[in-house]
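starting from these lines, generate the structure:
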Amino acid sequence: MMKKYHVYGIGNALVDKEFEVEDSFFEEHNIEKGFMTLVSREHQEQLLELLDSQVGLKNQSGGGSAANTLYALSQFGGNAYFAGKVANDETGDFYVEQLGHHNIETNLGHDRDHGTTGRCLVMISPDAERTMHTYLGVSEEVSVADVHEDAIKNSEYVYIEGYLVTSPSAKAAAKELKRVAEQHGVKTAMTFSDPSMVEYFTEAIADVLGDGVDLLFCNEKEAMLWTAAESFDAACELLKKHARHFVVTRGALGARIFDGNRYIDVDGHNVQAVDTNGAGDMFAGAFLYGITHGYDYQSSGNLASLASATTVSSFGPRLPSEDHPAILRQLNLA
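This next block holds a predicted model:
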């Protein structure tokens, strides 16, 4: 039976504000480079003022790990449902508009709560690495009320972002999403989201993973941190304990996929990287599109690799709508 949604995802709904900075900026302001750090609204406002005056805003777009992934899936032609929280403010209006109305449904209607929509300040260094300071706002209040059983039953996969473990109510929502999905025979996918989640919220991530997921997404740094392995090959072997299938992205080196039986190494693309923000989200979105549309793991990996390389070649975590069909045509998948 055809399901209504290819993927149902839950995550933090955030507006990304991107700035280009020098490496010295992190040292001057005691910021941990390459990590996502949760900050207070006051701290974020101060940093925003500083960045605005020193370098100026480079790009603003809708963001959030799961939302970026579902946006990509929907733009390739998949059907998605995104559950999250934004406030009844200007930033929330911008966020909903950015999500688009193409193949993506959401619980972000007109009856939104008062408060502040979450924001993520993304600092891009000359090596294209992204460093993030995030104020979650109302997104911190994501809860089991945002887990919609009917929509989940009607999905091929559910998708959980690792960032949810920073809030007790959002973590409870992630666990409930996994439970409901398993109860209805819906496949489970999860992303670690960021090395900081693996390093500083290890127990919470383990709690959500439980006895494992059908499909895990992570990058090489996260895989090494999570498994505490001596080598990349050893890390991949240890990941088999937590996921029946997995994808480990490796930047310019491409990715390694475990399809349940064997490893598939996917080539990277030689591009001029300017902004790695959203690269992993795009990889997951393109890959999920592939495996829910009859492509094998190799073809899905090739699509995801090209899509994420295209994403890092320009600023912002998402590509314009018209870029997605062009990528499919390039690989003769359209």
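
CA only for contacts and neighbour counts going forward, please
Noted.

contacts for the helix or strand hosting D93 next, please.
Assigned by DSSP states H and E, D93 falls within helix 90-99. Here helix 90-99 makes contact (C-alpha atoms under 8 Å, 6 or more residues apart in numbering) with A13, L14, V15, S61, G62, G63, A67, Y71, V86, L108, T116, T117.

partner residues bridging the closest residue to D265 other than its chain neighbours?
Closest residue in space to D265, ignoring its immediate chain neighbours: R256 at 4.5 Å, by C-alpha to C-alpha, 6 or more residues apart in numbering. Here R256 sits in beta bridges with V248, D265, as judged by DSSP bridges.

hmm, back to that, centre of the chain versus the helix holding D93, how much separation?
The chain centre lies 18 Å from the centre of helix 90-99; the measure is C-alpha atoms, centre = their mean, to the nearest Å.

adjacent strands (with direction) for the helix or strand just after it?
Next helix or strand after helix 90-99 toward the C-terminus (DSSP H and E): strand 104-106. Using DSSP bridges, strand 104-106 pairs in its sheet with strand 80-83 (parallel).

how distant is the partner strand from the center of its chain?
The answer for strand 80-83 is 13 Å, by C-alpha atoms, centre = their mean.

equivalent analysis for stretch 295-306, please.
Centroid separation for stretch 295-306 versus its chain: 18 Å, with C-alpha atoms, centre = their mean.

thinking again about what came up before, quick one: which of the contacts of helix 90-99 is nearest L47?
Each of the contacts of helix 90-99 was checked against L47 using C-alpha to C-alpha; the closest is V15, at 15.5 Å.

what residues does that closest one make contact with?
Q60, S61, G62, G63, G64, T91, F94, Y95, T117, G118, R119, C120.

against E156, how distant is the residue lying closest to the first one once chain neighbours are set aside?
Residue nearest to Q60 in three dimensions, not counting chain neighbours: K17, with 4.6 Å by C-alpha to C-alpha, 6+ apart. K17 is 32 Å from E156, where distance means C-alpha to C-alpha, to the nearest Å.

kindly report the same for V198.
Taken as C-alpha to C-alpha, the span from V198 to E156 is 27 Å.

quick one, which of those two is more surrounded?
V198 (23 against 19; other C-alpha atoms under 10 Å).

pull out the buried residues from the helix or strand where the more buried one lies.
Per DSSP H and E, V198 falls inside helix 195-200. Within helix 195-200, the residues scored as buried using 16 or more other C-alpha atoms under 10 Å are P195, S196, M197, V198.

contacting residues around the last one?
Okay, so that is V198. F192, I205, E222, L225, W226.

then the helix or strand that contains the third one to CSV, C-alphas only?
When secondary structure is defined by DSSP H and E, E222 falls within helix 220-227. What follows is the C-alpha trace of helix 220-227 in CSV, where atoms were taken according to Å, rounded to 0.1, in the frame of the first residue of the first chain:
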residue,chain,number,x,y,z
GLU,A,220,33.1,10.8,10.5
LYS,A,221,33.9,13.0,13.5
GLU,A,222,30.6,11.9,15.2
ALA,A,223,31.3,8.2,14.4
MET,A,224,34.7,8.4,15.9
LEU,A,225,33.4,10.2,19.0
TRP,A,226,30.5,7.9,19.5
THR,A,227,32.4,4.6,19.1
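
could you identify the helix or strand that succeeds that helix?
Taking DSSP H and E, what comes next after helix 220-227 is helix 232-239.

distance between that next one and the chain's centre?
Using C-alpha atoms, centre = their mean, the offset of helix 232-239 from its chain centre is 22 Å.

in that helix, which residues are buried?
Neighbour-count burial for helix 232-239 flags A235, C236, L238, L239 (criterion: 16+ other C-alpha under 10 Å).

now the residues you listed as CSV including pLDDT and distance to E32?
Output for those, formatted as CSV (pLDDT from 0 to 100; distance: C-alpha to C-alpha, whole Å):
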residue, pLDDT, distance to E32
A235, 98, 24
C236, 98, 27
L238, 98, 28
L239, 98, 26
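
so which of these comes closest to V271?
Nearest to V271 among the buried residues of helix 232-239 is C236, at 26.1 Å by C-alpha to C-alpha.

so what's the closest residue to that closest one other than its chain neighbours up against?
Leaving aside its chain neighbours, C236 sits nearest to A223 (7.5 Å; criterion: C-alpha to C-alpha, 6+ apart). Contacts for A223 (C-alpha under 8 Å, 6+ apart) come out as F232, A235, C236, L239, V248.

and if you look at G290?
By C-alpha under 8 Å, 6+ apart, G290 lies in contact with D296, Y297, S299, S300, L303.

and the two most separated of these?
D296 and L303 (10.7 Å).

who's D113 bridged to?
Beta-bridge partners of D113, counted by DSSP bridges, are A87.

my guess is it contacts N88. True?
Yes: using C-alpha atoms under 8 Å, D113 is in contact with N88, at 5.6 Å.

which stretches of the protein have low pLDDT?
1, 101, 110, 334 (pLDDT under 70).

which residue lies farthest from the center of it?
S53 (29.3 Å; C-alpha atoms, centre = their mean).

any idea how far that one lies from F19?
S53 is 11 Å from F19, by C-alpha to C-alpha.
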